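Asker: need a structure here:
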Amino acid sequence: MPRKGKSLSESIADDILSMITIDNKYAVGDKLPNENVLSTELQVSRTTLREAIRILVDHNVLEIRRGKGTFVTIPQDGNGSLGLEALSTVKLDVKDLYEMRLIFEPQTAYYAAKRATDKELKRILHYGKLEEDKILKNEDRTEIEQAFHRSIAKATHNEFMDRLMPILYKAIDKGVILSDQNEKVIQDTLNDHRMIMDFLAKRDAEGAKTAMKLHIIHAMSAFGLIIE
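Answerer: Prediction:
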């Protein structure tokens with residue numbers, strides 16, 4: 001279950017941030033809808049919405065321009081200023097990238113199963129289903145797969161894990177490219193993602209952790225990456 005003690009305004013701030021960093025609904029420089037529209041969409045009072053916006057303004061995510069409205073100011077990947085951005089530009093090989101995924105992502109799935117709010121869980125399952133549709137239609141799924149894994153990371157409610165994801169995107173991108181040439185990997189991805197979503201939907205943390213670990217190991221094995 002999600003961590004206790006978070007106020008409604010903080011939860012709504014998280015929802016708005018997810019619209020920016022996961023759903024890509026708003027990009028840098030975009031103006032948010034007016035209070036009436038956004039409060040209706042989020043199903044909260046305008047007072048709560050204002051508090052949520054103030055939180056995001058304090059964290060340099062949004063900017064209020066007097067007489068003009070509220071605008072997005074952070075990059076869509078939501079990297080912020082933890083200094084991890086530079087790591088995402090390091091030229092790591094595929095094996096290193098997948099080992100990094102194997103180290104972090106199973107535990108990410110574990111905490112997501114325990115801490116995800118109902119909204120976050122719904123978002124994870126939504127992107128998982130979208131990716132399945134993309135695979136079955138033989139369409140590019142890179143952005144959707146990123147959103148799937150990013151939504152799991154965000155559901156951990158761990159700031160470091162959330163911001164580490166841009167580094168792991170390199171492995172996800174390479175994995176999509178390589179798997180497009182390997183029918184077994186594509187089928188494994190379908191099966192593994194269904195298993196991950198099933199455990200997450202049941203909030204089975206150990207099951208989700210194991211399913212994510214198997215998902216990454218399956219890909220590494222298929223790509224000929226030795227697991228020592």
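Asker: point me to the helix or strand that includes the residue nearest in space to the middle of the chain.
Answerer: With distances taken as Cα atoms, centre = their mean, Arg150 lies nearest the centre of the chain, 1.5 Å away. Assignment of secondary structure by DSSP states H and E places Arg150 within helix 142-154.
Asker: what average pLDDT does that helix get?
Answerer: Across helix 142-154, the average pLDDT comes to 87.
Asker: do stretch 218-228 as well
Answerer: On average, stretch 218-228 scores 78.
Asker: please enumerate the strands of the protein.
Answerer: 62-65, 69-72 (DSSP state E).
Asker: check which residues of the first one are buried.
Answerer: Put plainly, it is strand 62-65. Leu62 (16 or more other Cβ atoms under 10 Å). For glycine as for every other residue, the C-beta is placed from the backbone atoms N, C-alpha and C.
Asker: just to revisit the earlier point, hang on, the residue nearest to the centre of the chain packs against Thr21?
Answerer: Yes: in terms of Cβ atoms under 8 Å, Arg150 counts as a neighbour of Thr21; the distance is 7.1 Å.
Asker: circling back: ok, which of the strands of the chain comes nearest Glu41?
Answerer: Nearest of those to Glu41, taken as Cβ to Cβ: strand 69-72 at 14.0 Å.
Asker: now do the closest one: everything it contacts.
Answerer: Strand 69-72 has contacts (Cβ atoms under 8 Å, 6 or more residues apart in numbering) with 20, 26-32, 34, 53, 61-65.
Asker: got any ranges where the chain has weak pLDDT?
Answerer: 1-6, 75-92, 162, 170-171, 174-182, 226-228 (pLDDT under 70).
Asker: how is it divided into domains?
Answerer: Residue ranges for the domains of the chain, per automatic domain parsing: 8-72, 85-222.
Asker: winner for burial among these?
Answerer: Across the domains of the chain, the average number of neighbours (mean count of other Cβ atoms under 10 Å) peaks for domain 85-222, which reaches a mean of 19.
Asker: tell me how far that one lies from the chain's centre.
Answerer: 9 Å (Cα atoms, centre = their mean, to the nearest Å).
Asker: can you pull out the helices in the chain?
Answerer: 8-21, 35-42, 46-58, 94-115, 118-136, 142-154, 159-179, 183-201, 205-222 (DSSP state H).
Asker: need phi/psi at the residue sitting furthest away from the middle of the chain.
Answerer: The centre of the chain is farthest from one residue, Gly67, which by Cα atoms, centre = their mean lies 33.3 Å away. Main-chain torsions, Gly67, degrees, to the nearest 10: phi 80, psi -10.
Asker: run the angle between the helix holding Arg150 and helix 118-136 for me.
Answerer: Here the directions of helix 142-154 and helix 118-136 differ by 150 degrees (axes from the mean of the first three to the mean of the last three Cα atoms, to 10 degrees).
Asker: hmm, who's touching stretch 54-64?
Answerer: By Cβ under 8 Å, 6+ apart, stretch 54-64 touches 9-10, 13, 16-17, 20, 32, 53, 70-74.
Asker: now, which of the residues you listed sits nearest Gln146?
Answerer: Using Cβ to Cβ, Ile20 comes nearest to Gln146 of those, at 14.3 Å.
Asker: the closest one contacts Gly29, correct?
Answerer: No: assessed by Cβ under 8 Å, Ile20 is found out of contact with Gly29, at 11.5 Å.
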